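[1] Here is a sequence with its predicted model. Questions after.
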Amino acid sequence: MKGHRAISYRKLCTGLTVAMLSSPVAANGTLIVHFTGIKNNQGTIVCSLTDSSEHFLSRDQAPKRSCQAAITESKATWKIEQLAYGRYAISAFHDENDNGELDSGIFGIPSEDYGFSNDARGSFGPPDYEEAEFEFHETDQVISIRIK
């Protein structure tokens, strides 16, 4: 009987160890993005989340996730669920006329307000991916982006 219990106990411990090692630890969470500084409630906030410099602000490459967030009281929120932990960058603009494009005026200067994660701003044009990149690593992580 003792031998039988020892074997069963040993098998149980081995099985539990294997199960613990092979069970995935939560590798994703929810990212909540608050957009602030929006000058009015017209239109929507168009946003894109990317995980590489090749996809950042690209018209040819689809973003990892995207949205059109409704504006209420000059604020908007984007809730991204089941997002894998990693490094990302977000770009967004206030699409006041809801045409799905960032309108620009003379010399290609945007006529609609915009923003990036880390509130990154470029000197002559948009910031580089690395300036807007942030680490997503919490179960429920919140960031803010100022649209201006």
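    Now that the structure is in, tell me what you want to look at.
[2] ok, residue 115 - how many residues close by?
    The tally of other residues near residue 115 (other CB atoms under 10 Å) stands at 25. Just so you know, the C-beta spots here come from the backbone N, C-alpha and C atoms, and that holds for glycine as well.
[3] how far away is it from residue 82?
    24 Å (CB to CB, to the nearest Å).
[4] go on, residue 91?
    21 Å.
[5] Give me the more crowded residue out of these two.
    For the pair residue 91 and residue 82, the greater number of neighbours falls to residue 91 (24 against 9), based on other CB under 10 Å.
[6] can you pull the contacts of the residue nearest the centre of the chain?
    In the chain, the residue lying closest to the centroid (CA atoms, centre = their mean) is residue 49, at 4.8 Å. Residue 49 is in contact with 31, 63-66, 80, 83, 88-90, counting by CB atoms under 8 Å, 6 or more residues apart in numbering.
[7] what about burial for the residues you listed, which qualify?
    With burial judged by 16 or more other CB atoms under 10 Å, the buried subset of these is 31, 63-65, 80, 83, 88-90.
[8] Look up which helix or strand the nearest residue to residue 144 once chain neighbours are set aside falls in, please.
    Take residue 144 and drop its neighbours on the chain: the residue closest to it by CB to CB, 6 or more residues apart in numbering is residue 34, 4.6 Å away. Using DSSP states H and E, residue 34 sits in strand 28-36.
[9] name the helices or strands packed onto that strand?
    On a contact count with 3 or more CB pairs under 8 Å, 6 or more residues apart in numbering; DSSP states H and E, strand 28-36 meets strand 44-50, strand 76-84, strand 86-95, strand 140-146.
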